[in-house]
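# fold the following.
(chains A, B, C, D, E and F)
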6 protein chains.
Amino acid sequence: MRILVANVNTTQSMTDTIAAQARQAALPDTEIVGLTPRFGADSCEGNFESYLAAIAVMDRVLSYPEPFDAVIQAGYGEHGREGLQELLDVPVVDITEAAASTAMFLGHKYSVITTLDRAVPLIEDRLKLAGLDARCASVRASGMAVLELEEEPERAVEAIIEQALLAVREDKAEVIVLGCGGMAGLDEEIRKRAGVPVVDGVAAAVTIAESLVRLGLSTSKVRTYATPRPKTVIGWPLTGAATAAMP
Amino acid sequence: MRILVANVNTTQSMTDTIAAQARQAALPDTEIVGLTPRFGADSCEGNFESYLAAIAVMDRVLSYPEPFDAVIQAGYGEHGREGLQELLDVPVVDITEAAASTAMFLGHKYSVITTLDRAVPLIEDRLKLAGLDARCASVRASGMAVLELEEEPERAVEAIIEQALLAVREDKAEVIVLGCGGMAGLDEEIRKRAGVPVVDGVAAAVTIAESLVRLGLSTSKVRTYATPRPKTVIGWPLTGAATAAMP
Amino acid sequence: MRILVANVNTTQSMTDTIAAQARQAALPDTEIVGLTPRFGADSCEGNFESYLAAIAVMDRVLSYPEPFDAVIQAGYGEHGREGLQELLDVPVVDITEAAASTAMFLGHKYSVITTLDRAVPLIEDRLKLAGLDARCASVRASGMAVLELEEEPERAVEAIIEQALLAVREDKAEVIVLGCGGMAGLDEEIRKRAGVPVVDGVAAAVTIAESLVRLGLSTSKVRTYATPRPKTVIGWPLTGAATAAMP
Amino acid sequence: MRILVANVNTTQSMTDTIAAQARQAALPDTEIVGLTPRFGADSCEGNFESYLAAIAVMDRVLSYPEPFDAVIQAGYGEHGREGLQELLDVPVVDITEAAASTAMFLGHKYSVITTLDRAVPLIEDRLKLAGLDARCASVRASGMAVLELEEEPERAVEAIIEQALLAVREDKAEVIVLGCGGMAGLDEEIRKRAGVPVVDGVAAAVTIAESLVRLGLSTSKVRTYATPRPKTVIGWPLTGAATAAMP
Amino acid sequence: MRILVANVNTTQSMTDTIAAQARQAALPDTEIVGLTPRFGADSCEGNFESYLAAIAVMDRVLSYPEPFDAVIQAGYGEHGREGLQELLDVPVVDITEAAASTAMFLGHKYSVITTLDRAVPLIEDRLKLAGLDARCASVRASGMAVLELEEEPERAVEAIIEQALLAVREDKAEVIVLGCGGMAGLDEEIRKRAGVPVVDGVAAAVTIAESLVRLGLSTSKVRTYATPRPKTVIGWPLTGAATAAMP
Amino acid sequence: MRILVANVNTTQSMTDTIAAQARQAALPDTEIVGLTPRFGADSCEGNFESYLAAIAVMDRVLSYPEPFDAVIQAGYGEHGREGLQELLDVPVVDITEAAASTAMFLGHKYSVITTLDRAVPLIEDRLKLAGLDARCASVRASGMAVLELEEEPERAVEAIIEQALLAVREDKAEVIVLGCGGMAGLDEEIRKRAGVPVVDGVAAAVTIAESLVRLGLSTSKVRTYATPRPKTVIGWPLTGAATAAMP
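Residues are numbered from 1 along each chain as shown, chains lettered A, B, ... in the order given. Purely as a prediction, here's the structure:
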């Protein structure tokens, strides 16, 4: 089966990291296709950037020319998953929800360690909307910006571990969720150091997407995620136009 | 003061209706400017259209050339308000929240009457995120599409009243909220027929925006709605490009 | 329009401060009338005093001889608003709810800074009943008694700011609400020092009351706040002759 | 031990019924003293009447000349219990909470059958404040006014049973709570007819008050229910001479 | 009346302590019978032991040869109460719920002080299921294992008091609940030192069980706790067989 | 990998059905081993039977002589999963949670269709404890007992579909969860008829268990599910003794 893994920012190297992490988790016969949006911010750290990414991801996925079996939205705490679900017939899995859902099988409470403090409320809100917040002990910020994760992986690991240990000790978390697509690959190191299971959302999402496809399950179309009604939509898809504006 | 009232769909006549309703509620010295997005759907009735509108409204408001004192997002149950709050220094008022907040001063429980059934979960989710759902008795659909409200106002009133009466009798609502920007102006008729206060979100939002401006209050910038960090954003603003794609 | 602003305690100077704050927030053609209860405590810092104030405010408002357009109950976290809503046809706005409702337009979470620790649970309970607690980060006590606010305004400002800074830093509040009618007028100073929007409940309530009146909205009378049924009420109103009916 | 059972309305015959029911539930050596407020409404069916009763009950209890070991506030869904707790050192038990608390030992969910529809939100609010609402299946109104319970006991039983059966069948209640002090004594008949345990709040409150006294437990005075601070309270107590202090 | 007080572990001396505490709280004509399970762990400090205890308590109670009027399950935060309710016609009272329910009549918030940290989530879960968690300020661990309470009562008191003081000061608890059957008898000392009411679950459960019996109330049999349907149950009761395996 | 799928009742044919369903969902190289408890009821339809099953499943799994990689507890809404988590180092997946967790990726709200009405509260409670209830629209009973599912599959399908359609139409469910291990295999038929995705818990649990194993994730041992402390446990394991009592 083929799974599209859509990065939410325009940084190609981050798409590559995410796709690599996805491939590591995937079944042998699963093809992972990493997608980078054609417009938007080089990192998503707030609502404006996240809303723009929501549309950019839809735009990018819709213009993918080959058939595919599932889509993973690989931004943690980002907007947009519901739109993809309306537009597609195949399963859509958001890494925020995949990670939380997986963590809940592993411990009584989980904590999310994310990048900047300003991203914390977005994540809290997405978990609340997803109804996956009841066993969330805390969402903590490491203070590392998204792009710093790539540039300074060692400092990132230290900063994340510091918060992970606080989450375990003070917030009573029993599982740690890595709250950023860009943290893909750091899980092993942190697991070893923090002594608790560490869930990487991209990996979790891959196995969930595969499972849904194998079980023949996809998004319900009877109400919330019904296909959009036919209507006049000006300027969509944005790609043709937007790419013209690109450097 | 000048308040921008941003319609979320591209139907100009609906912008006009909304702006007229806003003017009726405004103080004499308040200038109401109706804005129509440059791209997007001619009506928002789902997540894809709403996410697109979120970006289109940000795009439209940012390109408004004159100074202004507040912005009203005049779509009921739509995405995007948080993005505007990040991008602007002036207060941003969403009509979903304005209406709910106002209704809560008028009765123990309120119900929202919206357009299509598929919009109900979006509204429920926005109210939950806003923390204004605890006293919401129900969100009910009239079965009228957004554009039908304009085309068949009489049938719309009947359909809305039918649900309003059910909300009062069965869900124990004491106040009715009109859950669509396009319902602006129907409040008087429904109030008379249903025997309970009827809140129009646009009118409510105008008075709240005016109040915030008068009190010298605006969005807190210390965390969630801090100005986006400086970074590379490809293809933004979309307008220049996207308008090229318009018919 | 004429708005009655009812202090909940019997301290006339506090009524004057509250009324002055209300006037500063009001529209030019709004007449603010400050009312002091005829009985009760000189400050409300607990349930007994608050229940007594509830009745004293109803007693005072009902005996006001001129017509009026709205009533503001200017005690933070106090009992009684529901009774006024039953007794009156005009809108009733409680400053606890007005402030919370306003704060929610300004940030993701708000905190209330009140007087004594013993008042905290009353405020938490009123916010919970009002369904406005979901985005309340904390209610914190400054340790200043109500009357000390008047006597030692400088120390009060310091004590409030100390808690406001803790609320922002530790509880992640983005907006501060002044949780006492007697704090009216301190908002500017605190806003400057704490770096976040500061909402004064009296000012907020004035603009909300004005808005409801302008929109032609008032309390729903279909259920919870229906006019009391005609019945024998011994000793009411309490001020004056009726006490003669007591055994 | 001596327990004061305070009726919330001024109808002496209802006090007598309540006191008789209390005596039936009490231990042999418990003395039950029924108290009727000196002022207030002859039945409580709304917030104004309930707030007035809150003060009238405090007034009546404080002027009781003999020592006592506990107080029961025998109005269902009424305001005021917190005030009594501040003013007294002995345990205070509200029948709303006593009944709910007892019902929760008997079944997975309970429903309350009360008098008029307008009383339903008051009861819901009191249960929410008490933190006893999570297992409340519903609060239903029989449509009988408080005084009609006395005048037409047979019709009352029928009306209550009708709602009790609906609560069991539709709301999945497993226990019925009689939601009015005036329903004391109807429990046996309803229990027989509805086939589920029926809890009378007065009886439940008596056993709880007795238990607290036997266990040497009383209201915590460290925060919420601390004794009121010494201050000037005009016109209190309300009965008698102090009204002379009113202007 | 006769009340069975079932210890959840197999330590006879703990059964004796619990039964003694129960007798101290009971009415003069109440006979307290302490029961020790025939199999299971010598202390319950986790889910496996608690599930085993659930069955062992049912086994023990069912094989009690004389009639009885009520059963108390004297393990704090343990599984099993619902099973007993199905199997018996007499009231079943769990000390976890009895203590919480009693504490809620004494203060605005209560905290539970239990033994080991690993027991905290079990207690939190049982309180959540019971719908008695809304006013629970915290569940804190003293760090003392169950059997250490017996062996080192003085150190236990110190450890419990330390947490009780933290609960009052930091979590704003106004009442302390002793969260272990084995803490029976420590309440007086802790009450004196912590300055707040201290609720012992065994004592509270006795008065509640007595009250239910006196009021003629027992478990509703219409749904959740209906008698098990007749069916083939292999290996039950376990006693005959299991006791053979005992040393 | 080898996954143990533990039936909760003693009906071997039901274990076979469950194991077959598990094999259909499993990856080619996954070995599914169906386990039938050595004692307990031939169907679980209440708390007593479920608590007994909890212990019987632990007993059965612990005595499985070969190594295994994960365990699935294949009873819907049953007790015991937490105990298995303590006793084992490999992942434990409960079908109640697996199904709910999977359904939440497919629609905005899901409903569970179970067997008898008396099982509904058990399921609601398990979902609440698991923190997976926020998006559960309803738990509905088909009225079919567990063993009737096997005996009358056609009538079962009709009864389940009737409730599924009501769940979609009245409760606004968008996904149906089959709430009984014994319903394994009915999903296709119901999916076709109800027009919404249908989740079978056993199949869902298999893919989740496989995913956890593939990702190298297992139960956190730092707190709630730490291995039981070493202590004296009388009569455990029960098997030796209990089997002697079996026919």
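# is any part of the strand or helix carrying residue A:55 close to chain C?
Under the criterion of DSSP states H and E, residue A:55 resides in helix A:47-62. No - contact of helix A:47-62 with chain C (CB under 8 Å from any CB of the partner chain) is absent, the minimum separation being 10.3 Å. For every residue, glycine as well, the C-beta is placed using N, CA and C.
# got the CA coordinates for that helix in PDB?
Provided in PDB are the C-alpha atoms of helix A:47-62 (Å, rounded to 0.1, in the frame of the first residue of the first chain):
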ATOM      1  CA  ASN A  47      -2.000  29.400  14.500                       C
ATOM      2  CA  PHE A  48      -1.400  31.500  11.400                       C
ATOM      3  CA  GLU A  49       1.300  29.200  10.100                       C
ATOM      4  CA  SER A  50      -0.800  26.200  11.100                       C
ATOM      5  CA  TYR A  51      -3.900  27.400   9.200                       C
ATOM      6  CA  LEU A  52      -1.800  28.200   6.200                       C
ATOM      7  CA  ALA A  53      -0.300  24.700   6.400                       C
ATOM      8  CA  ALA A  54      -3.800  23.200   6.700                       C
ATOM      9  CA  ILE A  55      -4.600  24.500   3.200                       C
ATOM     10  CA  ALA A  56      -1.200  23.900   1.800                       C
ATOM     11  CA  VAL A  57      -1.400  20.300   2.800                       C
ATOM     12  CA  MET A  58      -4.800  19.800   1.300                       C
ATOM     13  CA  ASP A  59      -3.500  21.500  -1.900                       C
ATOM     14  CA  ARG A  60      -0.400  19.300  -2.000                       C
ATOM     15  CA  VAL A  61      -2.200  16.000  -1.300                       C
ATOM     16  CA  LEU A  62      -5.000  16.700  -3.800                       C
END
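# could you give the angle of it to helix B:47-62?
Relative orientation of helix A:47-62 and helix B:47-62, computed by axes from the mean of the first three to the mean of the last three CA atoms, to 10 degrees: 130 degrees.
# run through the neighbouring helices and strands of helix A:47-62.
Counting by 3 or more CB pairs under 8 Å, 6 or more residues apart in numbering or on different chains; DSSP states H and E, the packing neighbours recorded for helix A:47-62 are strand A:2-6, strand A:31-35, strand A:40-41, helix A:81-87, helix A:239-245, helix B:47-62, helix B:81-87.
# for whichever helix or strand comes after it, what is the average pLDDT?
Per DSSP H and E, helix A:47-62 leads on to strand A:70-73 as the next helix or strand towards the C-terminus. Model confidence over strand A:70-73 averages 98 on the pLDDT scale.
# just stretch A:21-38 next, same as before
97.
# now stretch A:8-15
If you average the pLDDT over stretch A:8-15, you get 96.
# gap between the two ends of that stretch?
Terminal residues of stretch A:8-15 lie 9 Å apart, using CA to CA, to the nearest Å.
# repeat that for stretch A:30-45.
Looking at stretch A:30-45, the gap from its leading to its trailing residue is 31 Å under the measure CA to CA.
# do stretch A:219-227 as well
Stretch A:219-227 has its terminal residues 10 Å apart, counting by CA to CA.
# next, the buried residues of it.
Buried positions in stretch A:219-227, judged by neighbour count with 16 or more other CB atoms under 10 Å in any protein chain shown: A:219, A:220, A:221, A:222, A:223, A:224, A:225, A:226.
# export those residues to a markdown table and tack on secondary structure and pLDDT?
Listed next are these as a markdown table, based on DSSP: H, G, I helix; E, B strand; the rest coil; pLDDT from 0 to 100:
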| residue | secondary structure | pLDDT |
| --- | --- | --- |
| A:219 | coil | 98 |
| A:220 | coil | 98 |
| A:221 | coil | 97 |
| A:222 | coil | 97 |
| A:223 | coil | 97 |
| A:224 | coil | 98 |
| A:225 | coil | 98 |
| A:226 | coil | 97 |
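# nearest to residue B:180, of the helices and strands packed on helix A:47-62?
For residue B:180, the closest of those is helix B:47-62, at 12.5 Å, according to CB to CB.
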